[in-house]
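Student: Here is my input, please return the structure:
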Amino acid sequence: MTTIVMIIKDSQPPLIINFELGPEGVKVGPHFYDYDEFKNFSVLYKPKQSLKNLYLEHKNGLKPRLSVPLRRMDALTVRNFLIQYLDEDLDRTEAPLSEQLTKLLKL
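Tutor: Numbers count the residues shown, from 1 in each chain. Model prediction:
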């Protein structure tokens, strides 16, 4: 059963979700998040590892971290914009373990 689900999932094109940064907050698809909801952010850009992501940590520990692939967006521009509104997490130097495992297991 798991194999069938993986084959179906792999045959579908990736879902592209619109992402917008503005002076009021962050819009991810139909959801809007005010900057007050976030504790901090980090931008990881490691071309050799094909990693260019934005991570937004919620103040509420029960809400999952938002992980946004930056794709064609300039990582430095995103960082310079967000630093006006949120603290930057300079301790994050690697992708979260959950993302590393997902990539490793190709889920």
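
Student: what are the ranges of the strands in the protein?
Tutor: 19-21, 25-28, 31-34, 38-46, 51-58, 66-69, 87-88 (DSSP state E).

Student: The fifth one: which residues count as buried?
Tutor: So that's strand 51-58. 51-57 (16 or more other Cβ atoms under 10 Å). Bear in mind the C-beta positions are built from the backbone N, C-alpha and C, glycine included.

Student: can you check the third one too?
Tutor: For strand 31-34, the neighbour count (16+ other Cβ under 10 Å) marks Y33 as buried.

Student: Quickly run through the sheet partners of it, with directions.
Tutor: Strand pairing for strand 31-34, using DSSP bridges, gives strand 25-28 (antiparallel).

Student: quick one: average pLDDT of the partner strand?
Tutor: Strand 25-28 carries an average pLDDT of 94.

Student: Okay, now the unreliable bits of the chain?
Tutor: Residue ranges of the chain with pLDDT under 70: 1-12, 14, 97-107.

Student: Go through the buried residues of strand 51-58 and name the one nearest K39.
Tutor: For the buried residues of strand 51-58, the closest approach to K39 (Cβ to Cβ) belongs to E57, at 4.7 Å.

Student: Just give the number of residues close to the closest residue to that closest one other than its chain neighbours.
Tutor: Using Cβ to Cβ, 6 or more residues apart in numbering and skipping residues adjacent in sequence, the residue nearest E57 is K39, 4.7 Å away. For K39, the count of nearby residues is 14 (other Cβ atoms under 10 Å).
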